[in-house]
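Colleague: for reference, the sequence and a predicted model appear below.
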Amino acid sequence: MSIHTALTIAGTDPTGGAGIQADLKTFQEREVFGMSVITTVLAQNTTGVQMINHMPLELIEKQLDSVITDIPPSAVKTGMIATPEMMEFLVDYLKNLQVPYICDPVMIAKSGDPLMDAQSRQSLRQTLVPLATIVTPNIPEASELTEMNIETIDDMERAAKMIVHELGAQAAVIKGGYRTDHSTDVLYANGIITRLHADRTNTKHLHGTGCTFSAAITAELAKGHSIESAVATGKAFITDSITHTLELGTGNGPTNHWGFRLKGLPGQT
Ligand SMILES: Nc1ncnc2c1ncn2[C@@H]1O[C@H](COP(=O)(O)OP(=O)(O)O)[C@@H](O)[C@H]1O
Ligand SMILES: Cc1ncc(COP(=O)(O)O)c(N)n1
């Protein structure tokens with residue numbers, strides 16, 4: 001039996017809905033062995049972010065060495081990488097790894113709390129985005145990366161193409177979660193636009209949707225699936241996680257990471 005492994009490099013959420021914790025749960029659900037390197041420890045919950053503490057670069061480096069010299073990952077994702085120094089440091093690391101790399105350009109939490117400053121947002125364009133196999137911005141993040149005003153699906157398609165052709169990523173998915181009329185995401189990969197439709201669930205429990213979606217895609221790439229297949233499975237996974245809501249927390253609650261098990265997914269391996 002071949003074991004697939006995935007590494008997430010990201011910040012934490014002690015309530016388990018977003019960040020590293022959501023990524024590890026998602027890897028497990030997709031039957032991939034999950035590993036993690038913590039960049040930032042957050043005190044946060046379903047109501048917002050209470051405190052942020054970045055790990056020293058040396059500790060991030062030591063964590064990465066511990067993982068990589070022992071259990072090599074088949075795919076890597078980054079989530080909250082909040083400072084230009086962390087981004088610059090990760091560039092060399094990711095180049096050497098030579099495995100699929102998913103960049104979730106986390107900038108703001110669903111609660112509205114900023115997770116990085118303006119200078120870091122700019123650095124992300126130049127450092128991590130060009131290395132990515134897939135970049136997965138939501139609409140505000142895609143606007144920030146492309147400096148475009150994104151309102152329509154056509155705008156989402158233009159932004160996805162710009163992230164590939166001008167910023168240098170291999171593929172981009174612009175997520176439609178910020179829209180109120182539908183939940184269509186747009187994938188641009190291998191020169192082709194694909195629209196991924198899902199019915200919109202009327203819920204406030206959307207904490208960690210982006211983390212969960214990109215982690216599911218990472219798990220599928222770790223198994224060797226194509227970009228198109230991995231994103232389709234990721235979309236089905238997040239849709240089921242949102243639909244089978246748990247109603248946890250006093251604010252905007254987490255998604256249900258075992259939601260897909262209640263319905264079953266196409267394309268499981
Ligand atoms: N209310 C919803 N109903 C169905 N799908 C949703 C809903 N909100 C978000 N999604 C989906 O969840 C995924 C994550 O999108 P989004 O919430 O925009 O990311 P982020 O957490 O980075 O802001 C996307 O596939 C998006 O279409
Ligand atoms: C550590 C960490 N990473 C990412 C998010 C974004 O989560 P959301 O998908 O709700 O925007 C978060 N709240 N915390």
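Modeller: Sure, I can see it. Ligands and ions are numbered 1, 2, ... in the order given.
Colleague: report the beta-bridge partner residues of whichever residue of the stretch 1-150 of the chain sits closest to ligand 1.
Modeller: The stretch 1-150 of the chain approaches ligand 1 most closely through Asn138 (3.5 Å), counting by CB to the nearest ligand atom. In this view, the C-beta of every residue, glycine as well, is placed from N, C-alpha and C. On the basis of DSSP bridges, Asn138 is bridged to Lys175.
Colleague: surely Val186 and Gly176 touch.
Modeller: Yes - with contacts counted by CB atoms under 8 Å, Val186 reaches Gly176, the gap being 7.5 Å.
Colleague: now the common contact residues for those two.
Modeller: Residues touching both Val186 and Gly176 (CB atoms under 8 Å, 6 or more residues apart in numbering) are Met156.
Colleague: for ligand 2, tell me whether the longest strand along the chain is touching it.
Modeller: Ranked by number of residues, the top strand in the chain under DSSP state E is strand 33-45. Yes - counting by CB under 6 Å from any ligand atom, ligand 2 has neighbours in strand 33-45: Leu42, Gln44.
Colleague: helix or strand right after that strand?
Modeller: Toward the C-terminus, strand 33-45 is succeeded by strand 48-54 as the next helix or strand (DSSP states H and E).
Colleague: can you list contacts of the following helix or strand past that next one?
Modeller: Per DSSP H and E, strand 48-54 leads on to helix 57-68 as the next helix or strand towards the C-terminus. By CB under 8 Å, 6+ apart, the residues outside helix 57-68 that reach it are Leu7, Ile9, Met35, Val37, Ile38, Thr39, Pro73, Glu85, Met86, Phe89, Tyr93, Leu97.
Colleague: same thing but at 7 Å, please
Modeller: The contact list for helix 57-68 (CB atoms under 7 Å, 6 or more residues apart in numbering) reads Leu7, Met35, Val37, Ile38, Thr39, Glu85, Met86, Phe89, Tyr93.
Colleague: with stretch 209-216 instead?
Modeller: 8, 18-19, 22-23, 26-27, 30, 77, 79, 102, 104, 136, 138, 175, 177, 233-234, 237-238, 241-242, 255, 257.
Colleague: can you say which of those are buried?
Modeller: Neighbour-count burial (16 or more other CB atoms under 10 Å) is assigned, among the contacts of stretch 209-216, to 8, 18-19, 22-23, 26-27, 30, 77, 79, 102, 104, 136, 138, 175, 177, 233-234, 237-238, 241-242, 255, 257.
Colleague: ok, and which of these reach ligand 2?
Modeller: Among those, ligand 2 is touched by Ala18, Gly19, Gly79 when using CB under 6 Å from any ligand atom.
Colleague: distance of the last one from Ala10?
Modeller: Taken as CB to CB, to the nearest Å, the spacing of Gly79 relative to Ala10 amounts to 3 Å.
Colleague: where do the strands sit along the protein?
Modeller: Going by DSSP E, the chain shows strands at 5-11, 33-45, 48-54, 75-78, 101-103, 134-135, 171-174, 185-189, 192-196.
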